[in-house]
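Asks: Got a predicted structure plus its sequence, pasted below:
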Amino acid sequence: MNKHVYGRLLKSPHWQKMRLKIFERDEWKCTKCSDSESELHAHHTEYRKNKKPWEYPMKCITTLCWRCHERAHGRPGLTEQELVEKKERDDIEEWNRLSEPEKKAEREFFSRTLRELSVKYGGKVD
């Protein structure tokens, strides 16, 4: 699954509920630097192909502040605005590198996932 589709899945209600559980477990602070004032991210410590973000065990997800999260992904020193701009560029570049069959597979995977979530949450998934 490419970053574009994965990023969209991170907006699902199922993932949002799980990340709140992670934040609560970690007492709403970064597990690396103990920052409790900056934006917090739920960071997967490992990634598996075609696994939805909420399909990981909770032990594989930790709370990081946005700075530590950037460092964990090898992107230290970016401002929040630079991070947003870089992510948008990376997503577009990655999508453009996919072949048409890969794009079709990603669209089908995303559509299937949205249908599953829509059924589960009573049609309230965008």
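Replies: Perfect, I can see it now. Since the structure is predicted, the reported quantities are computational estimates derived from the model, not experimental observations.
Asks: hang on, residue 41 is in a strand, isn't it?
Replies: Yes - under DSSP: H, G, I helix; E, B strand; the rest coil, residue 41 falls within a strand.
Asks: which parts of the lengthiest helix in the chain are buried?
Replies: Longest among the helix segments of the chain by residue count, using DSSP state H, is helix 100-120. Buried positions in helix 100-120, judged by neighbour count with 16 or more other CB atoms under 10 Å: 105-106, 109-110, 113, 117. Any C-beta I mention is one placed from the backbone N, CA and C, and that applies to glycine too.
Asks: got these as TSV, with pLDDT and distance to residue 35 columns?
Replies: Below are the buried residues of helix 100-120 laid out as TSV (pLDDT from 0 to 100; distance: CB to CB, whole Å):
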residue	pLDDT	distance to residue 35
105	79	39
106	77	34
109	77	35
110	73	33
113	76	32
117	73	32
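Asks: who does the helix or strand harbouring residue 82 touch, helix- and strand-wise?
Replies: In this assignment (DSSP states H and E), residue 82 forms part of helix 80-97. Contact here means 3 or more CB pairs under 8 Å, 6 or more residues apart in numbering; DSSP states H and E; on that basis helix 80-97 packs against helix 3-9, helix 66-72.
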